[in-house]
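Peer 1: Sequence below, structure please.
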Amino acid sequence: MPPRIQPGDRVRLVSPASWPTEELLADSVRTLESWGLTVEIGEHALDRHGYLAGLDEDRLADLNDAYRDPGVRAVIATRGGAGAYRIADGIDFAAVRADPKPLMGFSDITNLHLALWRHCRIAGIHGFLAGPRSAGSTRRLLCETEPTTLHRDPAALTAAISFPGTATGNLIGGHLGTVIGFIGAGLPSLDGAILFLEAPRAIGLGQVDRQLTHLMRSGSLRGLRGVALGRFPGFEDYTDRGWTVLDVLRDRLGALDVPVIGGIDVGHGDSPLSLPLGPIAKLTADTLTAGPAVR
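Peer 2: A predicted model of the protein is given here:
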C-alpha cells in the first residue's frame, strides 16, 4: 500500500482519458487545496484531441511524469470518459513499484486501476471529488488508514439483488464495461477475489446481459468469492419486454453460486461514495468492509 496523504504533500492532477472543463479542474484544485495539499496540474491536462485529453503520448507522459516524480504523493485523474485504455500498457510499472502512490479516479480510469493491480498489486481508489459527500469520502480513503465499511442502501436500485453468504478476498473491479474490455487484454486474476461492478445505462439491457455472459464464458470468474454491486443509473424505470436490469443481474449472477450484495452507493451519478480497490475486503448480506488503500 502507498503511504497516506498528509497536509503539505504534493499531488498531481492528470487527464489520462477525456478532457475536463476548466471549471471542473478548478473545482478539483480548490477541493484538494482545502485539504492542505499542494496541487500541481499535468502539462496536458486541458489538451483536446476529439474527446481525448490530447494525444496518447502526451496523456501517458503526464501520467508517468507523476509516477516518476518522488515529490508527488498521489495521482488524481481529472475525469473519466474515454481513452485510458489506449495508454494502460504504457505505464512505467517499475516506477510505480519503486515509489507506490495512490491513483484516484473511476469510470474509464478503471483501465488504469486494473493494469496497476495486475502489474504492481497496488491499491487505488474508485473515487470522485465533485460535491462534499464524494470529496469527504475520497479524502478519508487518501488520508486515513482505517477500514471502510459501506452498508447496503435499501433505497438503491441494486439493493434488491442479494445472494446469501459471506466472502473474503481482494476487492477488484469498477466500471463493468471496462472490466469486460480487459478480457484477453490483461484482466487480473479474480481467483480468490471479490468483484465490484457498477455501470450507467448506455443502451439497453442486452448490453449488461452480453457483458456479464462474456465475463462468465471467458473463464475469468473461476475462483471468484463474491460480487458487490454499486450504482446502475439510468436503469431505474427502464424495462425491455418485461425485464429490468435487476432481472438480468439476478439471472446472471445467480448462476455463479457466490454471495452477492447489492445497494453499494458507489459509481456514476450525483455524490457517490468512494471505494478502495485492491485491499482485502469482507462481504456480508448487508455490508462491504474493505481494508485501507494507504498505510
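Peer 1: drop to CA atoms for contacts and neighbour counts, all remaining ones
Peer 2: Noted.
Peer 1: Tell me which helix or strand comes right after the helix or strand Leu249 falls within.
Peer 2: Applying DSSP states H and E as the criterion places Leu249 in helix 245-254. Downstream of helix 245-254, the first helix or strand assigned by DSSP H and E is strand 260-261.
Peer 1: So for this structure, the centremost residue is which one?
Peer 2: Geometric centre of the chain, nearest residue: His126, 3.3 Å, by Cα atoms, centre = their mean.
Peer 1: what residues are up against Ile172?
Peer 2: Contacts for Ile172 were tallied using Cα atoms under 8 Å, 6 or more residues apart in numbering; they are Leu114, Leu190, Ala193, Ile194, Leu195, Phe196, Leu277, Gly278.
Peer 1: is it true that Leu277 touches Gly173?
Peer 2: Yes - shown here, Leu277 and Gly173 form a contact pair, counting by Cα atoms under 8 Å, at 7.3 Å.
Peer 1: Quick check: closest non-adjacent residue to Gly80.
Peer 2: Asp108 (4.7 Å; Cα to Cα, 6 or more residues apart in numbering).
Peer 1: now Asn111
Peer 2: In space, and not counting its chain neighbours, Asn111 is closest to Tyr85: 5.5 Å by Cα to Cα, 6+ apart.
Peer 1: going on from the one helix or strand Leu114 maps to, what's the next piece of helix or strand?
Peer 2: Counting by DSSP H and E, the element that carries Leu114 is helix 110-120. Downstream of helix 110-120, the first helix or strand assigned by DSSP H and E is strand 124-126.
Peer 1: hmm, who's touching that following strand?
Peer 2: 102-106, 110, 113, 138, 141, 174, 274-278, 293.
Peer 1: change it to 7 Å
Peer 2: Contacting residues not belonging to strand 124-126 are listed as Pro102, Leu103, Met104, Gly105, Phe106, His113, Ser274, Leu275, Pro276, Leu277, Gly278, Ala293 [Cα atoms under 7 Å, 6 or more residues apart in numbering].
Peer 1: Just the CA trace of stretch 51-63, in PDB.
Peer 2: Taking C-alpha atoms only, stretch 51-63 is exported to PDB below (Å, rounded to 0.1, in the frame of the first residue of the first chain):
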ATOM      1  CA  TYR A  51     -13.000  13.500 -26.900                       C
ATOM      2  CA  LEU A  52      -9.500  12.700 -25.600                       C
ATOM      3  CA  ALA A  53      -7.400  15.000 -23.400                       C
ATOM      4  CA  GLY A  54      -4.700  15.300 -26.000                       C
ATOM      5  CA  LEU A  55      -2.600  12.800 -27.900                       C
ATOM      6  CA  ASP A  56      -2.000   9.400 -26.400                       C
ATOM      7  CA  GLU A  57       1.700  10.000 -25.900                       C
ATOM      8  CA  ASP A  58       1.100  13.300 -24.100                       C
ATOM      9  CA  ARG A  59      -1.500  11.800 -21.700                       C
ATOM     10  CA  LEU A  60       0.800   8.900 -21.000                       C
ATOM     11  CA  ALA A  61       3.800  11.300 -20.400                       C
ATOM     12  CA  ASP A  62       1.800  13.300 -17.800                       C
ATOM     13  CA  LEU A  63       0.800  10.100 -16.000                       C
END
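Peer 1: list the buried ones in that stretch?
Peer 2: Leu52, Ala53, Gly54, Leu55, Asp56, Asp58, Arg59, Leu60, Ala61, Asp62, Leu63 (16 or more other Cα atoms under 10 Å).
Peer 1: from memory the first one sits against Pro16, does it?
Peer 2: No - distance between Leu52 and Pro16: 8.3 Å, which falls outside the contact criterion (Cα atoms under 7 Å).
Peer 1: between these two, what contacts are shared?
Peer 2: Listed as contacting both Leu52 and Pro16 by Cα under 7 Å, 6+ apart are Gly83.
Peer 1: The helix or strand of the chain with the lowest mean pLDDT: how far from the chain's middle?
Peer 2: Sorting the helices and strands of the chain by mean pLDDT, DSSP states H and E puts helix 205-217 at the bottom, at a mean of 94. Computed by Cα atoms, centre = their mean, to the nearest Å, the chain-centroid distance of helix 205-217 equals 19 Å.
Peer 1: Show me what secondary structure element comes after that helix.
Peer 2: Sequence order places strand 226-229 as the next helix or strand after helix 205-217, per DSSP H and E.
Peer 1: Sheet partners, orientation included, of the longest strand belonging to the chain?
Peer 2: Ranked by residue count, the top strand of the chain under DSSP state E comes out as strand 167-175. Applying DSSP bridges, strand 167-175 is found paired with strand 193-198 (parallel), strand 280-283 (antiparallel).
Peer 1: Show the model's pLDDT score for the residue nearest to Ala82 when sequence neighbours are not counted.
Peer 2: Spatial nearest neighbour of Ala82, excluding adjacent residues (Cα to Cα, 6+ apart): Ala17 at 5.0 Å. At Ala17, the predicted lDDT confidence score is 98.
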